[in-house]
Each structure stands twice: as structure tokens, then as C-alpha cells.
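>>> I would like to see how this sequence folds:
(chains A and B)
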Amino acid sequence: MTLRTTLAATTAIATLSFGGAAIAAEHSETMKIGITQNNVGVDSYQTTYEKAFIAAAEANDKIETVVLDAGGDVARQIAQMEDLIQQEVDAIIIWPTNGEAVIPAVRKAFQADIPVIVTNSNIAEAGFDFVASFSGPDNITQGARSAEIMCDKFMDMGIENEAQVVHITGQPGYTTAIERAKGFEDRLPEVCPNVTVVDTQPGDWNREKSQKVMEAFLVKYDDIDGVYAGDDNMGVGALNAAKAAGREGIIFVGATNFAVGYEAMERGEYWGSIYQSPVDDAEAALQTAIDVLNGEEVPFLNYFDTPKITQDNMGDYTKPVF
Amino acid sequence: MSKQEIGSFLAKQGILIAFAVFMIGFTLANSRFLDPDNVMGVIRSSAILGVMALGVTFVVISGNLDLSVGSMMSFSTIVVLDLHDKIGPALAIPAMFAMTLCLGAFIGFLVGYLKLNSLIVTLGMLSAIHGLTLTYSGGQNMDIADKEGTWFSVFGQGDALGIPVPILIFLGLAAFLGIMLSKTPFGRKVYAVGGNGTAATFSGIRRARVVFMCYLMSSFCVATAGLIQASRSLGSQNTVGQGLELEVLAAIILGGASLLGGSGTIFKTVIGVLILGFIQNGLLLVGLQFYVQYVVTWVIIILAVWLDIAAKRGRLWSPIA
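Numbering: from 1, shown residues only, chains lettered A, B, ... in the order given. A predicted model of the protein is given here:
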């Protein structure tokens, strides 16, 4: 054993997140990166993510990838983690199907000195010690930015002192839903202290459900000035309800700008959203893995930027493909 | 009306009484509940579930189950939206109906002619059709490009005589299928097959064909629901019908049909659908937290079933265990 590999092996055991440095030294020619995704094909975001990930990996000849998909099944994802460990990949990227249940598998990879990068949505805190880095969107910031978009618009309209808002959240229990709601509800009183959130109900990431919820809100409240939806799919569902009821002048703000949201913005019916590109998400995850393997210092929470998009600046962004 | 007549009325219409009780309760809790706009809105959004439940009612009365209708509805919705932009709405609609009916015919063949267990067949089809939808769409959301310029929106968003079109489709189909079930020889065969299949066979009823027709009917209703759904939002996720199969069954059971087959009516299914729709809406208007709503929905369903049974036996509980 050469001195270099001895040193490298020692480093790998001694450090947590920089274990990658050792592996990089051993595999300086090609890096083999495995990824186990949540549920490709179930929605456009994940489908686009996978395509972008494969494209980014192919563009780099130093990288070899093993691309797997858990199909939303925790058991299958754990088995895939074990396969990747058996194949002795240099790093594993995981899009968790479940933030708790995958921790033992992540721990196994950590014990095998394979750095794990979590992508898109993080695992539960109990597993943080076994993770080299998290790459994904910052949902709390996204919620906060949606609050700012809405407040700015209310100020333009001069109704920042009396506006009433209803809030349609994602599926109860999902980290993304919880964090976005928290970001929004914490930030709104800071920027617009006199705006009231009169009601909050879940729309379960579902356009039809959200439309039903909004129909009830429209019956219940004569005065609704703004709607914040946890993603554009739900936002557009709420917009459809308002259009059907002939209620105009409501400011719709969503998150994760979808093509339908972008189009509604083009028509002037939907005010704004948060631009989150699955391509950026995929590329950020791959880059984080490469950085970890190259032994660079990578922050534990490695957020990629998800900017505000409104009718005013939408020309700077291309229409989302999903 | 004599005491006996009142008793027999109660026994027949227990579920209607339960319905009335909830309507009064929700009206007291929120005065806007009975607002015509709200009532119209609830019936309109129940129409999709309702149309599906009409078809499944045939399947349930014939003594089988259909758990595939949620997935199948996602399939119809995605297919008709995709074809809309490719071959135009006038061709997309019949093409989608044909494809959905093929699925129904396939299930009907497996359950009717091959005599496979309907629970297993349709549970399998639940995921198989979902996979088919995802393969067809490549996982992408499906949206109509030109949302303003298409007449396709009439089925979900249009009005005729001041009544939303989905309601007209729902009630029209309910009337048609209701008559078919209660007044035609085919309807009686459905009851006979579900009540006692062996006896039906010995009476010369072609049991396999009746079951096959029930699944075909179910898939026709699903295609209609998919059409309304697609037209209502002019765009859809792949999972739009997910979970609806259980809501459909809940509505049918709430209406008083037996899961063992042989009993149930279209009218009672309609009432079951409306109860579910008004419960969901009423709880939103009252403004309960969603996690409370889950529990309350269950309580209300149990209450409704209890009231129905209590009315039938003429007392609130049975002294015989």
C-alpha cells in the first residue's frame, strides 16, 4: 500500500463529509456516481430531472453513472442503495422516497465510505451525520419569497393595509408543503403586517382538489384579495375556480412555476411564482457529487437558487417544460 | 299516513333522512351553505365522481367490484387532452371513448368469461392502467395549448338553461341508467346475477355476458367522467383520478348498495354521491382543520349508514346480537 492510499484511507475513516477526498484520490480518472430517484415518470418535474441528469453526466467524460428509479417505493429504494454499495460506486445521490425510512440505507453507504448526496428533498435530521451534502431548493426561502411577491403587489395596488389572503397548501405531512407554508406564514407579517390570512386548507398538490377548496373559499368569503398556493398546479386550480365564479382582481401567487402557471401569467391572470428548474436541480446534484469527490469544501445545505418570477420579469425566463 | 306507512317510508328512505339531517346541520353552521351558487358548485364538482359511481353501481349490483376506475379516469383524461391537440376534439373524444371501452371490455372478459376474481383483476388493473397512462404521457402533465379557442371546454365549464353542463350530463346519465337498471330486462338480469349467480344461470341468463356488459358500462361512465374532468381544467396531472375508486365505492355503499351484490339503485347512488360532496364542502365552509375533517367525514358516514339501518329495522339498535 502506497503512502498516498494509506493516508487517503485514514482520512476517509477520520472525516465525515470529506471522505470523498480519499475516494477521489483513488479514482482520479473516472468517477462512478449512482443515483436512486424517487418516482420518475409520475410527474413532469421528475421526468425532466432525470433527462437533465443523464445529459449533464454524458457531457462530462470523467463521469460514469448508474441511474436508478425507486418508483416511489421505499423498499425498492433501500435495495437500490444496497446494490449501489455492492457495485462500489464512488458516490451515491439519493432522492428520498421517505425522509425517515431511508436513513439505515444511507448509514450503510456512509459506513462503506461512499459519500451520499441527498437531492431535492432532504432526509430527516437523524440521518444528517451520514450525508455528505444536500443539494436542492430552499423551500422556506421559496415560501418567504412568495410572501414578498404578494406583498409587493398589494403595495402597488395600495391595499397592503386591508388585503385578505387564502392559503392552499400542499399535501399534509410533506416536508416541501410544511416548509413552504412556514416560509410564507412567517414572512408575510414581516413585510405586510396588516394583511390577514383568513383561511388555510390543503390542496394536496392536486389541481382539481384545489379548485374545490377555492370554490368553497369563494362562497365563504366575499372579499379575497390574494391566493397563495404551494405550487402552480394548485394555483391554477384556484384560478379556474375564481374565473368560473366571475371573481376578478384576485392576486394569485404560487411556487414551482409550471408551464400552466407561466401561461396564465402570460394571459395576465396569475401574478407570480417561484422559478424552480428541474434542470438546475439535477445539475446542482451532479455538481455537488463531483465537488464532494474532488475533495472540495461543500456546504452541508447546498441550495440552488430559485428566483422570483412575476408578470413583470417573466421575459427573463423560458417557459418551464413541465 | 298511518304509523305503519310512516314506518315503511322511513325504512325505504333512511338515507334521504340522513341526507336531510346533514343539510340542516351544515346550514345552521354556515348560512351560505344553501346558497344556490354553492349548491350548484358542489353538485358540479360531484358530477365527476357521480358519473363514475353510476357505472360502478352496475358492477357492484352484479356482485363484483371495480377498483380500476380511478386509474382509468386518469387514463381517459390524459388521452383525450393529448389527442385534442393532435387530431382535434371532434375525433379525440370518440377515440378516447373507444380506448377506454377496450380497457373495460378487457376487464369484463377477465371477470365475466374467465371468471377471475374481480377484486384481484381490478386491483391489478389499478396499477397496470396507471402504468399505461404514465407510459403514454411519458410522465408529463398534459395541457391543451389553445385554452381560449376550443369548444372542448363546454363539457366541463359550459352552461345550458342556466345549469352547468356537468350536472346535466350527470343527471341525464343517471336518469337513463336508472331506467335501464329498474325497467329493462337487462337491469333485472344484473340484479339476478348479483343476487344469486347460480340461480341466474339455471334460469337461462348468460351470466358472463351480463358481467361483461356491466364492466363495459362502467368504462363508458369513466370515459364520460374523464371527458368532464379534461374539459373542466383543460389540463391534467397523471394522477388526477387517484383514490377516486374508494370514494366511488364509499358513495355507493352510503347509498345502501350491498357489496355482496344484488341490491342498490341508481337513485340511492346519486344520493350517496351528493352526501359525500356536501360533507366535503360543508366541512370546508365550517372551516375545520383538515385533520379534523378526515375524522368527521368518517363519523358522518358511519352515522348515515347507522340511520339507514336503524330506519330499516324500525329501532335504533337491535336487541338481538
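
>>> Return the per-residue confidence for the closest residue to B:Thr224 other than its chain neighbours.
Distance criterion CB to CB, 6 or more residues apart in numbering or on different chains; nearest residue to B:Thr224, sequence neighbours excluded, is B:Val51 at 5.1 Å. Where you see a C-beta, it was placed from the backbone N, CA and C, and this is true even at glycine. Predicted confidence (pLDDT) for B:Val51: 97.

>>> you'd agree B:Val51 is in a strand?
No - counting by DSSP: H, G, I helix; E, B strand; the rest coil, B:Val51 is not part of a strand but helix.

>>> what about it, how many neighbours?
Neighbour count for B:Val51, taken as other CB atoms under 10 Å in any protein chain shown: 28.

>>> So it sits against B:Leu173, correct?
Yes - using CB atoms under 8 Å, B:Val51 is in contact with B:Leu173, at 6.1 Å.

>>> Now for those two: what residues contact both?
Taking CB atoms under 8 Å, 6 or more residues apart in numbering or on different chains as the contact criterion, the residues that touch both B:Val51 and B:Leu173 are B:221, B:224.

>>> Now do the strands in chain A.
Here chain A has its strands, by DSSP state E, at A:31-37, A:63-69, A:91-94, A:116-119, A:133-136, A:164-169, A:196-202, A:226-229, A:251-253, A:272-274, A:301-303, A:308-310.

>>> now do the stretch 1-150 of chain B
B:142-143 (DSSP state E, counting those that start in this stretch).

>>> And the residue of it closest to chain A?
B:Gly139 (3.7 Å; CB to the nearest CB).

>>> what's the closest non-adjacent residue to the residue of the stretch 201-321 of chain B found nearest chain A?
Nearest residue of the stretch 201-321 of chain B to chain A (CB to the nearest CB) works out as B:Leu284 at 3.8 Å. Once flanking residues are discounted, B:Leu284 sits nearest to A:Ala216: 3.8 Å by CB to CB, 6+ apart.

>>> you'd agree B:Leu34 is up against B:Gly25?
No - using CB under 8 Å, B:Leu34 makes no contact with B:Gly25, being 11.7 Å away.

>>> Residue 43: neighbouring residues, count only.
I'll assume chain A. Quick note: A:Asp43 (other CB under 10 Å) scores 23 neighbours.

>>> could you do chain B instead?
Using other CB under 10 Å, the number of residues around B:Ile43 comes to 22.

>>> now do B:Val286
B:Val286 has 17 nearby residues by other CB under 10 Å.

>>> Now do the buried residues in stretch A:186-200.
For stretch A:186-200, burial by neighbour count (16 or more other CB atoms under 10 Å in any protein chain shown) applies to A:187-188, A:191-192, A:195, A:197-200.

>>> Closest one to A:Asp305 out of the residues you listed, please.
Taking CB to CB as the measure, A:Arg187 is the one of the buried residues of stretch A:186-200 closest to A:Asp305, at 17.3 Å.

>>> Report the contact partners of the closest one.
By CB under 8 Å, 6+ apart, the residues touching A:Arg187 are A:143-145, A:147-148.

>>> try it again with 6 Å
A:144, A:147 (CB atoms under 6 Å, 6 or more residues apart in numbering or on different chains).

>>> related to what we said a few turns ago, in terms of distance to chain B, which of the buried residues of stretch A:186-200 ranks first?
Nearest to chain B, judged by CB to the nearest CB, of the buried residues of stretch A:186-200 is A:Asp199 at 6.4 Å.

>>> Just give the closest residue to that closest one, not the sequence neighbours.
A:Asp199 sits nearest to A:Val166 (CB to CB, 6+ apart), 4.9 Å away.

>>> Spell out which parts of chain B neighbour chain A.
Within chain B, the positions lying close to chain A (CB under 6 Å from any CB of the partner chain) are B:32, B:38, B:41, B:45, B:134, B:139-141, B:143, B:233, B:235, B:281, B:284-285, B:290.

>>> What is the burial count for residue 104?
Assuming you mean chain A. A:Pro104, neighbours per other CB under 10 Å, totals 12.

>>> try chain B instead
Using other CB under 10 Å, B:Gly104 is surrounded by 28 other residues.

>>> The one 10 residues further on too?
Counted with other CB under 10 Å, the neighbours of B:Leu114 add up to 9.

>>> With B:Leu244 instead?
23.

>>> Equivalent analysis for B:Gly262, please.
For B:Gly262, the count of nearby residues is 18 (other CB under 10 Å).

>>> The longest helix along chain A packs against which elements?
Ranked by number of residues, the top helix in chain A under DSSP state H is helix A:139-157. On a contact count with 3 or more CB pairs under 6 Å, 6 or more residues apart in numbering or on different chains; DSSP states H and E, helix A:139-157 meets helix A:175-191, strand A:251-253, strand A:272-274, strand A:308-310.

>>> Export the ones you listed as JSON lines, with columns for mean pLDDT.
Listed next are those as JSON lines, based on pLDDT from 0 to 100:
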{"stretch": "helix A:175-191", "mean pLDDT": "93"}
{"stretch": "strand A:251-253", "mean pLDDT": "97"}
{"stretch": "strand A:272-274", "mean pLDDT": "96"}
{"stretch": "strand A:308-310", "mean pLDDT": "96"}
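
>>> winner for burial among the ones you listed?
Comparing those by mean neighbour count (mean count of other CB atoms under 10 Å in any protein chain shown), strand A:272-274 comes out on top with a mean of 29.

>>> any residues touching that one, and which ones?
Counting by CB under 6 Å, 6+ apart, residues outside strand A:272-274 touching it are A:142, A:145, A:149, A:232, A:253-255, A:257, A:261, A:306, A:309-310.

>>> make it 8 Å
By CB under 8 Å, 6+ apart, the residues outside strand A:272-274 that reach it are A:142, A:145-146, A:149-150, A:153, A:232, A:235, A:253-257, A:261-262, A:265, A:306-311.

>>> and what of stretch B:27-35?
With CB under 8 Å, 6+ apart as the criterion, stretch B:27-35 contacts A:219-220, B:23, B:26, B:38, B:281-282, B:285-286.

>>> Now with 6 Å, please.
Under CB under 6 Å, 6+ apart, the answer for stretch B:27-35 is A:219, B:26, B:282, B:285-286.

>>> How about stretch B:100-111?
Stretch B:100-111 is contacted from outside by B:64, B:72, B:76, B:116, B:118, B:121, B:125, B:211-212, B:215-216, B:218-219, B:223, using CB under 6 Å, 6+ apart.
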